[in-house]
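Chemist: okay, structure incoming, though there's no sequence with it:
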Ligand code: F6R
């Protein structure tokens, strides 16, 4: 596991966007696994900016989002869905083709097979929960898990309530890529910023691989880079 520490979030975002854009330039047909959440907002903003500045072509990219809430009606227009988030933060700003965009859902029971059919993920972009989750693979998730419907923990519901009017409105279930789905990606980058992520990063970096900290399994992947700001890296 490679660990890159940066003075601040801005420098970390620069690095992450360079890695992703270089990969797309080298392989315009790349297959990407994409996270949502607060961490990725400035990254998608930067990528959209570079897309325009460098006149990039995203038309052949294929994307598979890591997760989506279950039971959300009309995910494309529902402001709390990850479909909506992705459209607002990146998809509407670049020439990605709708047919190349994928989200896990009840109507996509073969998500892992679909990913395999297009050659597997070339890059998987991850954030991390304060409890060490990756995508919505909460503590205790099997390292062999594939894409499935899961129950969110109270911690995650609370952490995500900042995007909703109240905690009550946060869906209790979600569809998520599994840990084995993520580990099959050829390259993984995990971004973490701020003090609130410092304990989780410490557990990932300093402690043994354990199901209690899902992200710790990334030690077993041969091409993973953690991109951290100084606050998230303050305990390592
Ligand atoms: C969302 C996802 C989650 C988030 C994590 C951190 O697609 O995969 O695992 O990456 O919950 O969320 P933020 O960035 O909001 O702190």
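Modeler: Thanks, I have the structure now. Note that the structure is a prediction, hence the values are computed from the model and not measured. Numbers count the residues shown, from 1 in each chain.
Chemist: residues touching whatever residue of the chain ends up closest to the ligand, list them.
Modeler: Going by C-beta to the nearest ligand atom, the ligand is nearest to residue 127 of the chain, at 2.3 Å. Every residue, glycine included, has its C-beta placed from N, CA and C. Counting by C-beta atoms under 8 Å, 6 or more residues apart in numbering, residue 127 makes contact with 35, 37, 39, 40, 134, 190, 191, 192.
Chemist: farthest pair within those?
Modeler: 40 and 134 (13.2 Å; C-beta to C-beta).
Chemist: near the ligand, which residues of this protein show up?
Modeler: Applying C-beta under 6 Å from any ligand atom, one finds that the chain approaches the ligand through 35-39, 66-67, 127-129, 133-135.
Chemist: ok, of those residues, which come out buried?
Modeler: Neighbour counting by 16 or more other C-beta atoms under 10 Å classes 35, 36, 37, 39, 66, 67, 127, 128, 129, 133, 134, 135 among the residues of the chain next to the ligand as buried.
Chemist: apart from its chain neighbours, what residue comes closest to the third one?
Modeler: Nearest non-adjacent residue to residue 37, counting by C-beta to C-beta, 6 or more residues apart in numbering: residue 127, 4.7 Å away.
Chemist: which parts of the protein are strands?
Modeler: Here the chain has its strands, by DSSP state E, at 2-6, 31-34, 62-65, 67-69, 101-102, 123-126, 148-151, 173-176, 187-192, 224-229.
Chemist: can you tell me the strand partners of the first one and which way each runs?
Modeler: Next to strand 2-6 in the sheet, as set by DSSP bridges, lie strand 224-229 (parallel).
Chemist: quick check: mean pLDDT of the partner strand?
Modeler: The average pLDDT within strand 224-229 is 98.
Chemist: before we move on, the earlier item: sort the contacts of residue 127 by pLDDT and name the bottom one.
Modeler: residue 37 (94).
Chemist: what residues are up against the residue nearest the centre of the chain?
Modeler: The centre of the chain sits closest to residue 35, judged by C-alpha atoms, centre = their mean, with a distance of 2.2 Å. By C-beta under 8 Å, 6+ apart, the residues touching residue 35 are 65, 66, 67, 125, 126, 127, 135.
Chemist: how about residue 108?
Modeler: Residue 108 touches 102, 114, 147, 175, counting by C-beta under 8 Å, 6+ apart.
Chemist: name the nearest residue to residue 50, ignoring sequence neighbours.
Modeler: Per C-beta to C-beta, 6+ apart, closest to residue 50 is residue 21, 5.6 Å.
Chemist: do residue 120 as well
Modeler: Taking C-beta to C-beta, 6+ apart, and ignoring the residues beside it in sequence, residue 120 has residue 184 as its nearest neighbour in space, at 5.8 Å.
Chemist: does that neighbour really touch residue 119, like I thought?
Modeler: No - taking C-beta atoms under 8 Å as the definition, residue 184 is not a contact partner of residue 119, at 11.0 Å.
Chemist: give me the more crowded residue out of those two.
Modeler: residue 184 (18 against 12; other C-beta atoms under 10 Å).
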